[in-house]
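Novice: following is a predicted model, sequence given first.
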Amino acid sequence: MPKVKVKRTNPSLDMTPMVDLFFLLVTFFMLTATARPDEAVIVDTPSSASEIKIPDTNVITITVDKNDRVFFGVDGQQTKEALLDKIGSKYGVSFTPEERKTFSLLSNFGVPINQLKSYLSMESNARKEVNQPGIPVDSTHNELGDWVLQTRLTNPNVVIAIKGDQDVSYPTVKRVIDILQDKKVNRFNLITDMEMKPTAL
Amino acid sequence: MAEIQQQADSGKGGKKRAKRQSTKIDMTPLVDLAALLITFFMLTTTFNKPQTMEINMPVKPDNIEEQIALKASNAMTIILGEDDKVFYYFGLAEDKPEVLETTYAADGIRKVLVSPQVKSNDKMTIMVKPMDGSRYKNMVDILDELKITDTKKFALVEIADADIKLVQEQIGG
């Protein structure tokens, strides 16, 4: 009787298709990727069945977090540099080129203008640690209104989006909307999460 | 590991034989690298852009006298209260209408908004009045319901003292 031979299989396998697939995926992700911007706060937005997408560019994002702090953000580096100059001249604060550069890279911030200079001169790691008080919105220090107004003067095409946390109390949101209406902004967007649209009413 | 070496020609006599080199190379490091890159890009990508809800606020009128008063039969008020409560009534606050309580669920306020009393009246205007204790989510929810039910005429209005009194009298708290 012949001996039963254990078949020896070569453990190395052909990885070419796997590599092909992986590089296809890498290419796909590289082309579709838009780096996630560094947000100053994390907010949990409410959901809605609305299907309008926010545009990619020319957006002012007014973020309201659950402690009723207001953050301001706008995209476009040139816009931000021009905006900082205008705000600086209005409030009598001058910024160094480094501070302007830092500001143009911020995605959003929530400090009053008198603290902005020291905030911008911080190391980027220290800036993440600092507890931002939010932009003043009360009627005596209506800095948010100035930011919005100057941004719209710098870039007339901007769309305004409000990104509020679910638990923000209504008066804070009302205050932000009032400021926008004071500046003759009557059309704006509320950023929400996706939700399935009910099929039957 | 992938080793493709060129063997130096020995120069010795004998038959010159082309050395058969295996064409297979070990692709494991390549796969490792590709998988690393995939992981990196997958984690840094933001896939779906956030949804938005467009709202148009009415332009603030210059003088209030020009505004036309709303007829009681065409008015419905939704009051957003604390702790995710919703109240609504038809008509105007002066006439002491009956205030009803409902919820944000699908069979709550949505049922009211698709009811014949609202849907059959083209002139029906919904006034949304959030109380100070309400959350931002409540406002978004109600705007969403109005959109879902395809209600055309609605406005976000500041709450009046009469409304607060009405709710306190009839619901309590």
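Specialist: Received it, and whenever you're ready, just let me know what you need. Bear in mind that the values here come from a model prediction, so they are computed numbers and not experimental data.
Novice: chain A: strands as residue ranges?
Specialist: For chain A, the strands defined by DSSP state E cover A:47-48, A:52-53, A:59-64, A:70-74, A:159-164, A:187-194.
Novice: walk me through which strands the third one pairs with, and which way each runs.
Specialist: In this case it means strand A:59-64. Sheet pairing for strand A:59-64, assigned by DSSP bridges, gives strand A:70-74 (antiparallel), strand A:159-164 (parallel).
Novice: what would those strands look like in JSON lines with mean pLDDT?
Specialist: Putting these into JSON lines (pLDDT from 0 to 100) gives the following:
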{"stretch": "strand A:70-74", "mean pLDDT": "86"}
{"stretch": "strand A:159-164", "mean pLDDT": "86"}
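Novice: tell me if the longest helix that chain B contains is near chain A.
Specialist: For chain B, the helix with the greatest residue count under DSSP state H is helix B:28-44. Yes. Using Cβ under 8 Å from any Cβ of the partner chain, we find that helix B:28-44 touches chain A at B:28, B:30, B:31, B:34, B:35, B:37, B:38, B:41, B:42, B:44. All C-beta atoms are positioned from the backbone trio N, CA, C, and that covers glycine.
Novice: now for the nearest residue to the fourth one once chain neighbours are set aside: which residues touch it?
Specialist: The shortest distance from residue B:34 to any residue other than its chain neighbours is 3.5 Å, reached at residue A:22 (Cβ to Cβ, 6 or more residues apart in numbering or on different chains). With contacts taken as Cβ atoms under 8 Å, 6 or more residues apart in numbering or on different chains, residue A:22 has the following neighbours: B:31, B:34, B:35, B:38.
Novice: is it true that residue A:108 touches residue A:70?
Specialist: No. In this structure, residue A:108 is not within contact of residue A:70 by Cβ atoms under 8 Å, at 10.1 Å.
Novice: pick out whichever of the two has more residues nearby.
Specialist: residue A:70 (25 against 21; other Cβ atoms under 10 Å in any protein chain shown).
Novice: for the more buried one, list each beta-bridge partner.
Specialist: residue A:64.
Novice: show the contacting residues for it.
Specialist: Counting by Cβ under 8 Å, 6+ apart, residue A:70 touches A:62, A:63, A:64, A:110, A:134, A:135, A:137, A:144, A:172, A:176.
Novice: what helix or strand does residue B:150 sit in?
Specialist: Under the criterion DSSP states H and E, no helix or strand holds residue B:150.
Novice: ok, it to chain A distance?
Specialist: 9 Å (Cβ to the nearest Cβ, to the nearest Å).
Novice: just the pLDDT for residue 46.
Specialist: The chain I'm using is chain A. We have a pLDDT of 81 for residue A:46.
Novice: that's the wrong chain, I meant chain B
Specialist: Predicted confidence (pLDDT) for residue B:46: 67.
Novice: with residue B:122 instead?
Specialist: 77.
Novice: for it, the count of nearby residues, please.
Specialist: The local packing of residue B:122 (other Cβ under 10 Å) involves 8 other residues.
Novice: stretch A:133-149 near chain B anywhere?
Specialist: No. Counting by Cβ under 8 Å from any Cβ, chain B has no neighbours in stretch A:133-149; the shortest distance is 14.3 Å.
Novice: which residues sit against stretch B:82-91?
Specialist: Contacts of stretch B:82-91 (Cβ under 8 Å, 6+ apart): B:72-73, B:75-81, B:97-104, B:108-109, B:112, B:117, B:131, B:133-135, B:138, B:142, B:166-167, B:171.
Novice: which members of these occur in strands, if any?
Specialist: B:75, B:76, B:77, B:78, B:79, B:80, B:100, B:101, B:102.
Novice: and the two most separated of these?
Specialist: B:75 and B:101 (18.6 Å; Cβ to Cβ).
Novice: who has more neighbours out of those two?
Specialist: residue B:75 (20 against 14).
Novice: in this structure that one contacts residue B:125, no?
Specialist: Yes. At 6.0 Å, residue B:75 counts as touching residue B:125 under the criterion of Cβ under 8 Å.
Novice: spatially nearest residue to residue A:187, not counting backbone neighbours?
Specialist: residue B:56 (4.9 Å).
Novice: just read off the phi/psi values of the one you found.
Specialist: phi -110, psi 120 (degrees, to the nearest 10).
Novice: now for it, how many residues are close by?
Specialist: Using other Cβ under 10 Å, residue B:56 is surrounded by 8 other residues.
Novice: same check, this time on residue A:41
Specialist: 17.
Novice: let me know how buried the closest residue to it other than its chain neighbours is, in neighbour terms.
Specialist: Leaving out its chain neighbours, the residue that sits closest to residue A:41 by Cβ to Cβ, 6+ apart is residue A:65, at 4.5 Å. Look at residue A:65: counted by other Cβ under 10 Å, it has 22 neighbours.
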